[in-house]
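> Pasting a predicted model and its sequence here:
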Amino acid sequence: MFHKAQTKLSFICCLATSLIVLVIILCCLKVSEKTMYGKEKALFLLEANTISTDLHLGDNIDIAWYNRHHAQENILYIETNGRPSTLSALILSEQEISYINEIKEYLTGKQLTKAATAEDADVSRHSLRYDSASHRFLVMHERLTEKDPQVSYLYLYCLDGYYSNIRMQRIRFGSIWLASILILYVFSHVFTSHVLKPLIQNDERQRHFVAVASHELRSPLAVFKTGLSILKSKSDSAKTTHIFSLMENEMSRMERLIQDLLCLSKAENATWSFLREPVALDHLLQGIYEKFAATAADKNLFLSLSTADGCDYNCLCDRQRIEQAITILIDNALSYTPAGEQISLNLFYAHRKYYIQVADTGTGIPDSEKEKIFGRFYQVNSSHSHKGHFGLGLSIAWEICHAHGGRLSVSDTNGGGSTFTIKLPKY
């Protein structure tokens, strides 16, 4: 499912990005071509002005001068009293003469269309662009009316080189765009894999969640089914009381599991309600200590409470939720700490934060497991056999701390064991 989604997202991302790159390339091409054309036109006007100036002055008009301007597929045609000049007749080829005749006919038509509005027949310098069947030119036509005999010229600046460069530039840009599509697809594939990674992990967690929840619910349901079958066949059996006791215990476990699942569901949906009020954390921990002291003694564990003096422990929080988080940590410590070890409950204030610690001197938690234990239904291998825990308590405690703007973390206790630390901000 996610592989197909990744392929589709990669394709869509690649397509969208490629279109954006194409638009950018087309804009760059347009600007580049416009700049190149501007340079060509500037060279054309400079050359035409040079020709016009030399013809006005009439100096050094010889075959060397003519060949210098009649070069690189450019064509210079000069007329004297309406007839081709000697230099033009000698140098121009038949093909070039045909281009000149085409343009002269074109200019004649243009002049006829302007004859009705022309006021000054001596104003005869103008430039235009002319495209023949095989060549494209910038054309400058000028009559030197003050000269006697009357001189006029046609200067054809060939644009074939410009269009050849344009084609090569378009091929290069097109090749770059095609190569960029491959690069963009690889990038899109890697990018979408990172985007989908949390979804894949969440899907895996959800599958694990469903599998473990199903397993946890199957056990009490089996007890109910067996118990009811026995009660139905032997309602007066001496085992009735024991069966009812088992069913009551399993029902309590199911109730606790469902309550834990509801807590996590509310946390995910941001519907978890909190009643924030000033809470004296030292008094809260004292009450929790007194509640668990007897249980710790029954399990041959040493439970202690340590509170730093001279501090104001009034914290704006939800009393019941914070008590729930601390209770989860102490209950875990009591369940997994071997007899004869110590559990300490510590409270102190530092750096505008309240720190509540539950430390034990048990076997500890491997470093590879420290980040995983806050996941839902996750239990350290040695803890799987403990029937009273589902692996949801630390997830709930973490959500409670996170909702208060705090943090829950785990570290090693000096000398062995684990220390869980609740950090709450001072509001």
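Happy to help now that I have it.

> State the distance from Gln21 to Cys27.
Slight slip there: residue 21 is Val, not Gln. Distance from Val21 to Cys27, counting by CB to CB, to the nearest Å: 11 Å. C-betas here are computed from N, CA, C, even on glycine.

> ok, those two, which is more surrounded?
The neighbour count for Val21 versus Cys27, taken as other CB atoms under 10 Å, is higher for Val21 (16 against 10).

> and the more buried one, that one's in a helix?
Yes: per DSSP: H, G, I helix; E, B strand; the rest coil, Val21 lies within a helix segment.

> quick one: contacts for it?
177, 180, 184 (CB atoms under 8 Å, 6 or more residues apart in numbering).

> Okay, helices next: where are they in the stretch 1-150 of the chain?
Secondary structure of the stretch 1-150 of the chain (DSSP state H, counting those that start in this stretch): helices located at 2-57, 63-69, 86-91, 94-114.

> Using CSV, lay out these together with distance to Tyr427 and mean pLDDT.
Formatted as CSV, the helices of the stretch 1-150 of the chain follow (distance: least, CB to CB, whole Å; pLDDT from 0 to 100):
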stretch, distance to Tyr427, mean pLDDT
helix 2-57, 41, 89
helix 63-69, 87, 88
helix 86-91, 95, 87
helix 94-114, 85, 78
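
> Out of these, which is closest to Lys426?
helix 2-57 (43.2 Å; CB to CB).

> least trustworthy helix or strand in the chain by mean pLDDT?
Lowest by mean pLDDT, DSSP states H and E among the helices and strands of the chain is helix 240-268, with a mean of 66.

> who wins for proximity to Phe274 among the helices of the stretch 1-150 of the chain?
helix 2-57 (35.2 Å).

> quick one: contacts for the closest residue to Gly406 other than its chain neighbours?
Nearest-residue entry for Gly406: Leu424, 4.3 Å, with adjacent residues in sequence omitted and distances by CB to CB, 6 or more residues apart in numbering. Contacts for Leu424 (CB under 8 Å, 6+ apart) come out as 315, 317, 322, 353-354, 356, 401, 404-406.

> cool, and Thr192?
6, 9-10, 13.

> ok, now with 6 Å
Residues near Thr192 by CB atoms under 6 Å, 6 or more residues apart in numbering: 6, 9-10.

> And these, which is closest to Asp160?
Of those, the one sitting nearest to Asp160 (CB to CB) turns out to be Ser10, at 43.6 Å.

> quick one: the closest one and His189 touch, right?
Yes: with contact defined as CB atoms under 6 Å, Ser10 reaches His189; the gap is 4.5 Å.

> Between those two, tell me which one has more neighbours.
The neighbour count for Ser10 versus His189, taken as other CB under 10 Å, is higher for Ser10 (20 against 16).

> give me every residue that touches the more buried one.
188-189, 192.

> between the residues you listed, which is closest to Gly340?
Thr192 (54.2 Å).

> host element of the closest one?
According to DSSP states H and E, Thr192 maps onto helix 160-233.
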